[in-house]
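**Student:** when you get a sec, could you give me coordinates for this:
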Amino acid sequence: MIKATRQIIHYFAKKPRNLFLTDSLGALLTTFLLFVVLRNFPEHFGMPKLVLTYLSGIAACLCLYSTVCFYFLKDNWTPFIRGISIANLLYCMLTMGLLFIYFPQLTIIGLLYFLMEIVIILGLVFIEGQVVAAIKNNQ
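**Tutor:** Okay, the predicted model is just below:
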């Protein structure tokens, strides 16, 4: 597991552009799941539709940011990676706060979905932080 993580960090440190592609695809998947799936089946997840709409809007903005970085950035990657990393971390904190607020309404499936999403995004945040450090060490 540690070796695989190091390989992933090394890969993205060499090709930081692809980190933005990975981030944008993940945010696009989150946007789709929140807006199309969870919002249309609120009784199975327990989170209010309005909250899901706002979360999907935030995920769409993060997707747009990463997509723009993927297509238009040519160098000086680290401040933009740090920016998306902080935004991802704030998204996780918001989601965790919403889990506490709406805990009584959430179903097991809803709780599991949001906890898995948080774990995956925090893993990405960790990788982004390590990639920034690796890029700085190589400069």
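
**Student:** can you pull the phi/psi pair for W77?
**Tutor:** The phi/psi pair for W77 (degrees, to the nearest 10) reads phi -70, psi -40.

**Student:** could you pull out the helices in this protein for me?
**Tutor:** For the chain, the helices defined by DSSP state H cover 2-14, 16-32, 42-45, 49-72, 78-101, 108-138.

**Student:** and L106, how many neighbours does it have?
**Tutor:** By other C-beta atoms under 10 Å, the residues close to L106 number 18. (Each C-beta comes from the backbone N, C-alpha and C, glycine too.)

**Student:** nearest spatial neighbour of it, chain-adjacent residues omitted?
**Tutor:** Excluding its sequence neighbours, the residue lying closest to L106 (C-beta to C-beta, 6 or more residues apart in numbering) is G46, at 3.9 Å.

**Student:** mean pLDDT for the helices of the chain - can I get that in TSV?
**Tutor:** Shown next, in TSV, are the helices of the chain (pLDDT from 0 to 100):
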stretch	mean pLDDT
helix 2-14	93
helix 16-32	97
helix 42-45	93
helix 49-72	98
helix 78-101	98
helix 108-138	96
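
**Student:** what's the most buried one of those helices?
**Tutor:** Highest mean neighbour count among those (mean count of other C-beta atoms under 10 Å): helix 16-32, with a mean of 19.
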